[in-house]
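# quick one, fold the following:
(2 chains)
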Number of protein chains: 2
Amino acid sequence: MSALQKLKEKYIWISYFSSAFELLQWDMETHMPKKGGKWRAQIIGSLSEFIQIQQTSDEMGKLLNEAEKEAESEEDKALVRVAKKEYEKFKKIPPELWGKFALETAKAQRIWEDAKRNSDFSIFAPQLEKVVELVKELSEKVGYEENRYDALLDFFEPGLTVKDLDKIIPKLRKFLIGVLEKIERADKPKDVFLGKFDIQKQKELSKRVLEIIGYDFDAGRIDVSAHPFTITISHGDVRVTTRYDERDLKYSFFSTVHEGGHALYEQGIPERFRGLPIGDGASMGVHESQSRFWENIVARSKHFWEFFKPILAEYFEDFKDVPVDDLWRSSNIVERSLIRTESDEVTYNLHIMLRYEIEKALVNDEMSVKDIPSVWNDKMKEYIGVTPKSDSEGALQDVHWAHGSFGYFPSYMMGNLYAAQLLYSMKKDLSFEENIRSGDFKALLDWLREKIHIHGKIFEPKDLMKRATGEDFSTEYFMNYIKEKYSEVYRINL
Amino acid sequence: MSALQKLKEKYIWISYFSSAFELLQWDMETHMPKKGGKWRAQIIGSLSEFIQIQQTSDEMGKLLNEAEKEAESEEDKALVRVAKKEYEKFKKIPPELWGKFALETAKAQRIWEDAKRNSDFSIFAPQLEKVVELVKELSEKVGYEENRYDALLDFFEPGLTVKDLDKIIPKLRKFLIGVLEKIERADKPKDVFLGKFDIQKQKELSKRVLEIIGYDFDAGRIDVSAHPFTITISHGDVRVTTRYDERDLKYSFFSTVHEGGHALYEQGIPERFRGLPIGDGASMGVHESQSRFWENIVARSKHFWEFFKPILAEYFEDFKDVPVDDLWRSSNIVERSLIRTESDEVTYNLHIMLRYEIEKALVNDEMSVKDIPSVWNDKMKEYIGVTPKSDSEGALQDVHWAHGSFGYFPSYMMGNLYAAQLLYSMKKDLSFEENIRSGDFKALLDWLREKIHIHGKIFEPKDLMKRATGEDFSTEYFMNYIKEKYSEVYRINL
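Next up, the predicted model:
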């Protein structure tokens, strides 16, 4: 057997353990009884460590070097390239450091929960300091060219750097703040999704909309969890979760479509890539571009509600008398609000910028942990125009830092930007609005499959976007999209 | 760290993978989407192989030998004894043989399904012959003192031999056939559990009865699967499944209580045994004694229905007007029937004896696979008085042989016998009938916890039964139980 073949088989073998790991996670969030938690944490920790050891074994290093010489097809070359990059990166992290990182972030998560419950950042600060120190050490071990933060970005958005972000952000921020000011002077649409909505019917509606956008229920399922997520157990088994709020139909509906977008991506990755390092999404940002595309660009569009209103009325008949315009405008209410996960398309990226700036400063020793709440509150005031009344709705709202996921937030923004660029490119090939109005979501999905999904993790995000759209990545598309859409929603001139 | 401590840690580490394996199984039977099946089979196969390799590694052998010298407490000595026995047994099986066994039984299962669907034993026979050959080879590798079949029995019921069974069975068979003849001449009770029963309400009733007998839902859950089972994912996470038949309330009710009995046993095993070879039930037979105890001895008793009738009527109010006697007698209808899993307490063991005799003859080269259907049908006629019209309701009804689980069936019978002996012993300590009538199931459970559950797998079944009841194992108790109970149910003199 060739080294290349051996390498593939070894990766697939390791992926079986990853599948078990994913199922353990899914179950923990959806079905596990309370008293299973203590052992589950141990089980997940041990499996995770085992997988990490297998992936960075000397045997893998040897196989990778030999396979590199054997790889002939573009696909095999890409496989070895992606695998080698990850191998070398993770190999640079000493197991003790990795273990310490796992331990301290696990602790941090519990302390964060406690701090959030008490809305007191000072409870979290000492442990977060430890995490930041470990994150810095990790960056140094992994290495970077210009900015320590680049090492972290690369975990989530391969190829993205501080330089890139600092080129994008100032202009985008100014633009979004301007849009927000203009929208504020216009009439705010009333929210027709508030009321009382039977949970069982919401569940049926969630299934219906997933089916409509092309999610394959023979290769997945939907369950309830506190925080919605998408998880790939294996090929043919990509699951989503959502949660239901009896008083607000928007919540489950758009979070279902959002996770559906992630799941369509995962369901579109070719089976022959599965278990291999190329058998994932290209990056967190590209993943987010897919979820955002379906959630915001499709399901919050006017054409969507033209198509979907009669279906919605099958489940909640009061909507029969609600004008399409009201459904559509209610889906796009812009507000100066405090919580990222509940924010609209205009303010969302401002929430991200604030977090990015704080992260970058922390990692580069330009700011200390204890100053986070005051910097947070100042930036919130400056960017979004509101000030949190407490840490729980301010600097303690996200779990990411407790997880040690520094460098993750920018990928949410990149997802929004990618999605808009994909939209304008798609519009050249398809009768986008007409497809949506007539319920032909397959046309959209086929386009995304061909341009994005079938490539798995073969290309880095920048290259993938260029191949998909024929152009270099640009933020102009997102700004255009916001201008066009919100001019119409708010009946103003942006 | 001592070798003993290292050994324990190693077992616990391996148990994390077993937990993942169990969850993968549970999910496959309850939640997995259809298209996940192909990869799931690979994942489960690889994990199973990995666990087997870890358990029989040379490192484990060395640790076991060293730990044996260190063990001082009774518990540690028992741990090493149980572990060593299993280690040595599995170590004798060459990995190639084990691999071949796994492969051929996996094939056999698919072929069995096909044969059963077509009700044609000849489709299954050639593959079953292969499985029987492998089972014989396995017995030879593992070794035995007197009978080749003893090697197989020991996998499921440590210490049980052909000699034991052949002492028990003839008398018991004669007795049961006699009971059956007498019952047949009496009036058959009408079945009040047939009708139309809302599935949602059946689900609520299942939860209620599990709670009532003491199942801890904070450490478990109930789901639906094609074949009901109980599975331990980890300490604090013991799950049961059942299935619902809208037309027959008995089915879900008694299978839920049956699985509940298994689960109470698992929930009662001490946490300090978990992950260790002593952290299981004592044997399949002892496990079955617990499920049978709750299903038959408790839930099919008159006192139970005195207590439970008003609760049942909360879910299905028509039962308000049904006399307790009818509920109780309907729970205990005896019939000459073809299917083991649907059979009553009187005929159940006859179904087992037939299987045992065929298995034993096959393994000892006293019979050939192709003759199974005719021998099966003859014995059915002789023992139970009915003849299958087709192989699917005859020799193809059970999956066990396709699984290669030769030697398993007798543990079902042993479970019935153990359960009755436990009953008479319990009656000396408790006001058994009064406890049930008043709904004090905790008294029963506490007794079983103390006598059986808290010992995990420390003792072999024979020793455990002796410790629990103060007497040697005897079939007399079961025969007494049947006589007493069915004299009353059928208003005859047995």
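
# SS state for the residue nearest to A:S331 when sequence neighbours are not counted?
Using C-beta to C-beta, 6 or more residues apart in numbering or on different chains and skipping residues adjacent in sequence, the residue nearest A:S331 is A:R300, 4.3 Å away. Quick note: C-beta positions are derived from backbone N, CA and C, even for glycine. When classified by DSSP: H, G, I helix; E, B strand; the rest coil, A:R300 comes out as coil.

# next, see if stretch A:2-13 gets close to chain B.
Yes. Stretch A:2-13 reaches chain B (C-beta under 8 Å from any C-beta of the partner chain) through A:W13.

# buried residues, that stretch. List them.
Neighbour-count burial for stretch A:2-13 flags A:A3, A:L4, A:L7, A:K8, A:K10, A:Y11, A:I12 (criterion: 16 or more other C-beta atoms under 10 Å in any protein chain shown).

# restricted to helices, list those.
The helices, defined by DSSP state H, take in A:A3, A:L4, A:L7, A:K8, A:K10, A:Y11, A:I12 from the buried residues of stretch A:2-13.

# the fifth one: what's it in contact with?
Right, A:K10. By C-beta atoms under 8 Å, 6 or more residues apart in numbering or on different chains, the contact set of A:K10 is A:Q54, A:E59, A:M60, A:L63.

# which residues touch the first one?
Taking C-beta under 8 Å, 6+ apart as the definition of contact, the neighbours of A:Q54 are A:K10, A:I14, A:F17, A:M60.

# quick one: it from chain B, how far?
11 Å (C-beta to the nearest C-beta, to the nearest Å).

# then the second one?
Plainly put, A:E59 is 16 Å away from chain B if you go by C-beta to the nearest C-beta.

# just give the nearest non-adjacent residue to that residue, would you?
The shortest distance from A:E59 to any non-neighbouring residue, by C-beta to C-beta, 6+ apart, is to A:K10 (7.6 Å).

# pLDDT wise, what is that neighbour at?
If you check A:K10, the pLDDT there is 97.

# go on, A:V142?
95.

# swap in A:V363?
98.

# so who does the closest residue in space to it that isn't next to it in sequence touch?
Counting by C-beta to C-beta, 6+ apart, A:V363 lies nearest to A:Y149, which is 4.9 Å off, once chain neighbours are set aside. Going by C-beta under 8 Å, 6+ apart, A:Y149 touches A:S139, A:V162, A:E359, A:K360, A:V363, A:N364, A:F406, A:G407.

# and the third one, how many neighbours?
Right, A:E359. When neighbours are defined as other C-beta atoms under 10 Å in any protein chain shown, A:E359 has 24 of them.

# and for the first one?
When counting by other C-beta under 10 Å, one arrives at 23 neighbours for A:S139.

# with A:S19 as the reference, measure out to whichever residue of the stretch 251-400 of chain A sits closest to chain B.
Nearest residue of the stretch 251-400 of chain A to chain B (C-beta to the nearest C-beta) works out as A:R274 at 7.5 Å. Distance of A:R274 to A:S19, computed by C-beta to C-beta, to the nearest Å: 10 Å.

# quick check: neighbours shared by those two?
Here A:R274 and A:S19 share the contacting residues A:S234, B:W39, scored by C-beta under 8 Å, 6+ apart.

# the more surrounded of those two?
The neighbour count for A:R274 versus A:S19, taken as other C-beta under 10 Å, is higher for A:S19 (27 against 20).

# closest to chain B among the ones in helices among the buried residues of stretch A:2-13?
Of all those, chain B sits closest to A:I12, with 8.2 Å by C-beta to the nearest C-beta.

# check contacts around the closest one.
A:R274, A:G275, A:L276.

# extract the CA atoms of stretch A:19-30 and return them as CSV.
The C-alpha trace of stretch A:19-30 is given here as CSV (Å, rounded to 0.1, in the frame of the first residue of the first chain):
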residue,chain,number,x,y,z
SER,A,19,-17.4,11.0,14.9
ALA,A,20,-17.8,9.5,18.3
PHE,A,21,-16.5,12.8,19.9
GLU,A,22,-19.1,14.8,17.9
LEU,A,23,-21.9,12.5,18.9
LEU,A,24,-20.9,12.8,22.5
GLN,A,25,-21.1,16.6,22.1
TRP,A,26,-24.4,16.6,20.3
ASP,A,27,-25.9,14.3,22.9
MET,A,28,-24.6,16.4,25.7
GLU,A,29,-26.4,19.4,24.4
THR,A,30,-29.6,17.7,23.4
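
# need the contact partners of the helix or strand harbouring A:D114.
Following DSSP states H and E, one finds A:D114 within helix A:95-117. With contacts defined as C-beta under 8 Å, 6+ apart, helix A:95-117 is touched by A:41, A:45, A:48-49, A:52-53, A:121-124, A:127-128, A:130-131, A:134-135, A:137-138, A:141, A:391-392, A:396-397, A:399, A:401-404.

# buried members of those residues into PyMOL, please.
To isolate the buried members of the contacts of helix A:95-117 in PyMOL, using 16+ other C-beta under 10 Å:
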select buried, chain A and resi 48+52+121+123+124+127+128+130+131+134+135+138+391+392+396+397+401+402+404
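
# now, the contacts of helix A:95-117 that are in helices?
A:41, A:45, A:48-49, A:52-53, A:121-124, A:127-128, A:130-131, A:134-135, A:137-138, A:141.

# next up, phi/psi of A:S234, please.
Torsion angles at A:S234 (phi, psi; degrees, to the nearest 10) stand at phi -160, psi 180.

# who's it bridged to?
Using DSSP bridges, the bridge partners assigned to A:S234 are A:D237.

# that one: how many residues sit nearby?
Using other C-beta under 10 Å, the number of residues around A:S234 comes to 27.
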